[in-house]
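Trainee: Quick one: sequence and predicted model below, then my questions.
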Amino acid sequence: MWSKLNKYSDIGLLLIRLMLGTSFVIHGVGKFMGGTPVLTAVGSAIGNLGITHGHYLFGILAATSELCGGLLLLTGAFFRPACLLLLWIMVMAMTMHLSHGDGFNVYSHALELGVIFIGLFFIGPGKLSVDKQ
């Protein structure tokens, strides 16, 4: 009975892509709408790698990555590079939370999404995408 669902795997991937893509577009737009203070705060996560300048610029890069990465997930275009880009954003979010001493309940969201992006990187976007893999 369950094996019959295999023929719908591309629909499952489409649903995942649409949900995650929409979520990241909203997150990216929200960061831009927050203006300089929000973008600088987001970009300050790069400080965990020893980079002490350019936090505003890194915030713009992070927000752009979320916005564009979300759009790429939605369409399935350049899917695997988009997964790597969003994985990097999740790694940076995790390092920020861990450096603040946040507990598992705070950093787990970034960890979970990071694992999802690794999995999607290997699976691909499915047939219902621009890349049609």
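Mentor: Yep, it's here.

Trainee: For the most centrally placed residue in the chain, what is the enclosing helix or strand?
Mentor: A centroid search over the chain (Cα atoms, centre = their mean) returns Leu86, at 3.3 Å, as the residue closest to the centre. Assigned by DSSP states H and E, Leu86 falls within helix 79-99.

Trainee: for that helix, packing partners?
Mentor: helix 55-75, helix 104-123 (3 or more Cβ pairs under 8 Å, 6 or more residues apart in numbering; DSSP states H and E). All C-beta atoms are positioned from the backbone trio N, CA, C, and that covers glycine.

Trainee: So which bits of the first one are buried?
Mentor: Of all the residues in helix 55-75, those buried under the rule 16 or more other Cβ atoms under 10 Å are 55-56, 58-63, 65-75.

Trainee: Check the shortest one too.
Mentor: Buried residues in helix 104-123, counted by 16+ other Cβ under 10 Å: 107, 110-111, 113-114, 116-117, 120-121.

Trainee: No further questions, thank you.
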